[in-house]
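>>> A structural model of the following input is requested.
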Amino acid sequence: MKRKRKQRKPEKGAAKWLVTYSDMVTLILVFFILLFSMSRIDQIKFEAVAESFQNREVLDFLPSIVPNSYPQDGNNVEESGKDEADDPIDVNVSRDAYISKQQEEESLNQLVESVEAYLDEHELNDEITATITERGVLLVLQDSIFFDMGEAIILDEGKPFLKEIGSLFSQMPNDIKVEGHTDSRPINTYRYPSNWELSGARASSVVRYLIDEFGLEESRFSIAGYGDTRQVVPNDSEENMSLNRRVEITILNTDYEAD
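Model (predicted):
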């Protein structure tokens, strides 16, 4: 007689590989939702996604049949006061910081665009440049239209540009650093015994003009005079020397402090 084979009883619940697969699909779905929400600054969508993460039950719609390998000890929870996982994540702070950073970048970009438009209109691109750096917006002012040789009194020819940027500075809160630079030719006068004094005086004159004309807060400014120690090109020709005689104005982003 043939022996009857014992039929295996079907296992209860879904196969374990389905749980792993469903977890992976869920994570991928959440990942793409995050990418989509953060690719465009849409406050409503951002808040909706953030709220879904604060409510962890959203991800608990598929209970796992795999037993938890971590012991659940109620006493430990009571001793610590509450489970650390229950602490809410303050997504509002992260969202506000992100939006604030975006707004600052837009403000600095608009500043550069306004300055470049002014330079094009008044044909000053050879005397003044505006660029975006890691520290913020850098304005480089050659001394040819701002100061006489060996002097730190601002010429009338350079005041219109300072009025232009002063008006822009009054519309933004960023700190501003002003640095004076000279060429390597020595100077020895009663007012300026060396290039150190001359470079510092020129930076100070620019800051004083902006404060007096526009009432900007003095605490926003810092001044430095470097003499001829930070040349951009070798001081081996008249053209190069004129490039080294400059005043640099840096509108700092919030990641940098005026030092």
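>>> which secondary structure element is home to the closest residue to residue 201 other than its chain neighbours?
Using CB to CB, 6 or more residues apart in numbering and skipping residues adjacent in sequence, the residue nearest residue 201 is residue 152, 3.7 Å away. For every residue, glycine as well, the C-beta is placed using N, CA and C. For residue 152, there is no enclosing helix or strand under DSSP states H and E.
>>> please point out which parts of the helix or strand where residue 164 lies sit buried.
Secondary structure assigned from DSSP H and E places residue 164 in helix 159-169. Residues of helix 159-169 classed as buried: 161-162, 164-166, 168-169 (neighbour count, 16 or more other CB atoms under 10 Å).
>>> which residues does the residue nearest to residue 201 contact?
For residue 152, the contact set (CB atoms under 8 Å, 6 or more residues apart in numbering) comprises 192, 198, 201-202, 204-205.
>>> how about residue 186?
Neighbour list for residue 186: 194-195 [criterion: CB under 8 Å, 6+ apart].
>>> please begin residue numbering at 195 from this point
Taking 195 as the first residue, the last one we looked at is residue 380.
>>> would it count as being in a helix?
No. Under DSSP: H, G, I helix; E, B strand; the rest coil, residue 380 falls outside any helix and is assigned coil.
>>> and it, backbone torsions?
phi -70, psi 150 (degrees, to the nearest 10).
>>> for it, give its distance to residue 421.
Counting by CB to CB, to the nearest Å, the separation of residue 380 from residue 421 is 10 Å.
>>> ditto for residue 348
To residue 421, residue 348 is 20 Å away according to CB to CB.
>>> my read: residue 372 touches residue 401, true?
Yes. Taking contacts as CB atoms under 8 Å, residue 372 lies within contact range of residue 401: 5.2 Å.
>>> of these two, which one has the most company?
More neighbours surround residue 372 than the other of residue 372 and residue 401, with 23 against 20 (other CB atoms under 10 Å).
>>> the nearest residue to the more buried one once chain neighbours are set aside sits in which helix or strand?
The spatially closest residue to residue 372, leaving aside those adjacent along the chain, is residue 397, at 4.5 Å (CB to CB, 6+ apart). Residue 397 belongs to helix 389-408 when assigned by DSSP H and E.
>>> likewise residue 372?
Secondary structure from DSSP H and E places residue 372 in strand 370-375.
>>> where along this structure do the strands fall?
Counting by DSSP state E, the chain has strands at residues 322-326, 330-336, 370-375, 415-419, 440-446.
>>> save the ones you listed as JSON lines, and put in mean pLDDT and distance to residue 224 too.
Listed next are those as JSON lines, based on pLDDT from 0 to 100; distance: least, CB to CB, whole Å:
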{"stretch": "strand 322-326", "mean pLDDT": "95", "distance to residue 224": "35"}
{"stretch": "strand 330-336", "mean pLDDT": "96", "distance to residue 224": "36"}
{"stretch": "strand 370-375", "mean pLDDT": "98", "distance to residue 224": "43"}
{"stretch": "strand 415-419", "mean pLDDT": "97", "distance to residue 224": "46"}
{"stretch": "strand 440-446", "mean pLDDT": "96", "distance to residue 224": "38"}
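>>> export these as a markdown table, with columns for distance to residue 225.
Output for those, formatted as a markdown table (distance: least, CB to CB, whole Å):
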| stretch | distance to residue 225 |
| --- | --- |
| strand 322-326 | 32 |
| strand 330-336 | 34 |
| strand 370-375 | 41 |
| strand 415-419 | 44 |
| strand 440-446 | 36 |
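>>> which of these sits closest to residue 433?
strand 330-336 (11.1 Å; CB to CB).
>>> mind listing what the closest one pairs with, with the direction of each?
Sheet pairing for strand 330-336, assigned by DSSP bridges, gives strand 322-326 (antiparallel), strand 440-446 (antiparallel).
>>> residue ranges with poor pLDDT in the stretch 245-394 of the chain?
Within the stretch 245-394 of the chain, the set of residues satisfying pLDDT under 70 comprises 245-294.
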